[in-house]
Each structure stands twice: as C-alpha cells, then as structure tokens.
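Engineer: pasting the structure only:
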C-alpha cells in the first residue's frame, strides 16, 4: 500500500462524538420487531404451503395406489375368466361329440347309459365353472348370442324366431364363449 492509501487515524474525540449521537429510525419505518415478525410469518406461510403441497402429493399417491389396486384386481378376475373360457372352448368339441352320440340309435343300453352319465358329468363340471348353455329354440334371434346360418319362411312362426339349433352356444357370465349356431324363421 502506498502512503496515500493508508488510513488516516481519526481523532478519538470525533469517534466518541459519533458514538454518542442517538440513532433514530425514520418516521415511516416499522418497529424493529416487525421485520423479524414478517420474516417469521413469511417463513410460517412457506412452511404451511410446503405442508399443503406434501399433503396434496400424499393424497394423489394414495389415490394412485388405490386405482392401481382396483385395476390389478380387475385384471386378475379377467385373467381367471379368460383362462376358464379357454379351457371350456377346448372341452366344447367333446360336448358336441357326446351330444351326437346321444342322438344315435343303439341297441346297447349300457353304452347309452355310459354316454348319458358322461354328458351329465360334463354339464355339471361346466355348471360348476359358471358356464351356461344359451337357450335358443323358440327365442327371438339375438345377434349378440346367436349365429344365424339358415333362414326359412314360415307364416306360423313369429318374426325372427329361432327354429332349430345346429350347435349349442355357451356363456360364462356375460361373456359369450361360443355363439349358438341357429336356423331363423321369417
């Protein structure tokens, strides 16, 4: 440092006079405690806002988890329903063959009784799975559950009435596993 830059000592009397002058706040300035209180309030408001944001995040997370749980439950039920439907589809050709065997004339009563018992067992198994046969003969044609493969004109029958079933249809609850193949009048 150069000599000019060095600080010149202040006489002690001048320092003492400056220290003795009372320090007064400007007239419009709030009291000294006010800035601390305002800072405290703004800090409290900031904390409240942070807590509200965290609470909102928590509630959203809870709702998201609840939706996930419900969606997963529905998917599990759908998987079970689809697996059951696929297993039943695999058994339906056996049902068709047993139905054809029952329609055939035979002299062997034991054979006929065995086929009937097998068919009864299969129907009970399907029923225990919640599978029902679609009732078609005499009902009005419904394209949601029937598959019309033939059409006849008959004035004695009603409009869009199912006359004959070629292949039985099945449902699992509200889901169609196989449409009923039918003949429709008029």
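Structural biologist: Yep, that arrived. All values derive from a computational prediction rather than experimental measurement.
Engineer: longest single helix anywhere in this structure?
Structural biologist: For the chain, the longest helix by residue count, based on DSSP state H, is helix 33-103.
Engineer: need the contact partners of whatever helix or strand comes next after it.
Structural biologist: Reading on from helix 33-103 to the C-terminus, the next helix or strand found by DSSP states H and E is helix 109-128. Helix 109-128 has contacts (C-beta atoms under 8 Å, 6 or more residues apart in numbering) with 88, 91, 94, 95, 98, 99, 101, 102, 106, 170. Every C-beta, even on glycine, is put in place using the N, C-alpha and C of the backbone.
Engineer: give the other helices and strands that the longest helix of the chain contacts.
Structural biologist: Under the contact definition 3 or more C-beta pairs under 8 Å, 6 or more residues apart in numbering; DSSP states H and E, helix 33-103 sits against helix 109-128, strand 170-172, strand 175-178.
Engineer: what lines up beside the shortest one in the sheet?
Structural biologist: Right, strand 170-172. Here strand 170-172 has these sheet partners by DSSP bridges: strand 131-133 (antiparallel), strand 175-178 (antiparallel).
Engineer: chain center to the last one, what's the gap?
Structural biologist: Put simply, strand 175-178 sits 22 Å off its chain's centre (C-alpha atoms, centre = their mean, to the nearest Å).
Engineer: and for stretch 51-67?
Structural biologist: 19 Å.
Engineer: what bridges to the residue nearest to residue 96 when sequence neighbours are not counted?
Structural biologist: Using C-beta to C-beta, 6 or more residues apart in numbering and skipping the chain neighbours, the partner closest in space to residue 96 is residue 167 (6.8 Å). Assessed by DSSP bridges, residue 167 has beta-bridge partners residue 181.
Engineer: count of residues packed around residue 167?
Structural biologist: 16 (other C-beta atoms under 10 Å).
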